[in-house]
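Undergrad: quick check, what structure comes out for this input:
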Amino acid sequence: MQLTEAVWEPGGRPDLEEALRSSVYDANAVLSRRRAWAAYLDTPSPQIVLCARHLERDEDFPALSEYLKAVDCSSLQGCLYATDTYYQSRVLGEPLPGNRDLQAPADPTVNDVLSSSKGILLWHHQLESLAQSLGFPRHEAIDLRRKVNQKRASVLDSAEEHEFLSGRTLGEVIENRLFYGSVVPGQWQAARRLLDSRR
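TA: Residues are numbered from 1 along each chain as shown. Okay, here's the model as predicted:
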């Protein structure tokens with residue numbers, strides 16, 4: 001299976017639009033713009049890996065195939081990191097993460113929880129795990145994660161009260177490691193398809 005990328009005008013690729021409608025993506029939102037972009041497995045029936053609206057700023061955005069040359073996709077977790085960071089960067093118009101200068105000093109717990117995402121606070125379960133390691137009950141950790149995603153300023157105040165062994169607070173870790181402004185659930189289907197394409 002070959003990973004292929006395409007940009008098209010809605011109505012111009014019925015095969016991709018059919019695959020898009022049976023994927024996890026909102027077909028109406030993707031096709032509501034003048035052009036759409038997809039990375040897909042080129043099989044008799046295309047399998048969407050990632051899909052998004054294509055904007056003018058995306059003309060200079062690196063191709064997914066180029067990004068994958070710099071990312072270790074030999075495992076499912078590595079593929080999840082690649083698909084999620086690429087998708088978030090593309091949709092938000094952010095630069096790809098690359099080798100980020102992570103300002104928060106080393107902390108064993110933080111390093112362990114964020115190891116699979118190269119130190120970036122990327123997924124729901126990571127933020128919840130960090131909170132629970134500081135004594136938050138599960139329901140409070142989930143509530144914290146929701147408030148962070150809603151960008152409630154008050155949530156950082158309460159997170160400042162909880163410190164890791166390094167002396168850094170949860171609020172500081174959120175501020176320094178939350179590259180995209182919110183955490184995501186993780187696109188496991190995209191990661192599995194990407195891994196399949198590389199075998």
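
Undergrad: report the buried residues of stretch 53-65.
TA: 53-54, 61, 64 (16 or more other CB atoms under 10 Å). Bear in mind the C-beta positions are built from the backbone N, C-alpha and C, glycine included.

Undergrad: quick one: terminal-to-terminal distance for it?
TA: End-to-end distance for stretch 53-65, by CA to CA, to the nearest Å: 18 Å.

Undergrad: that stretch: how far from the chain's middle?
TA: Offset of stretch 53-65 from its chain centre (CA atoms, centre = their mean, to the nearest Å): 16 Å.

Undergrad: after whichever strand or helix holds Asp84 comes which helix or strand?
TA: According to DSSP states H and E, Asp84 maps onto helix 76-92. Per DSSP H and E, the first helix or strand lying C-terminal to helix 76-92 is helix 108-113.

Undergrad: for that next one, which positions count as buried?
TA: Applying a neighbour-count criterion of 16+ other CB under 10 Å, one finds 110, 113 buried in helix 108-113.

Undergrad: quick one: least confident helix or strand in this protein?
TA: helix 153-159 (a mean of 75; mean pLDDT, DSSP states H and E).

Undergrad: other residues contacting that one?
TA: 144, 147-148, 169-171, 174-175 (CB atoms under 8 Å, 6 or more residues apart in numbering).

Undergrad: pull out the buried residues from the helix or strand following that helix.
TA: Sequence order places helix 170-177 as the next helix or strand after helix 153-159, per DSSP H and E. Residues of helix 170-177 classed as buried: 170-174, 176-177 (neighbour count, 16+ other CB under 10 Å).

Undergrad: I'd like to know how many residues surround Asp196.
TA: Burial of Asp196 is recorded as 15 neighbouring residues (other CB atoms under 10 Å).

Undergrad: next up, the contacts around it.
TA: Here Asp196 is in contact with 1, 41 (CB under 8 Å, 6+ apart).

Undergrad: do Asn111 as well
TA: Here Asn111 is in contact with Gly119 (CB under 8 Å, 6+ apart).
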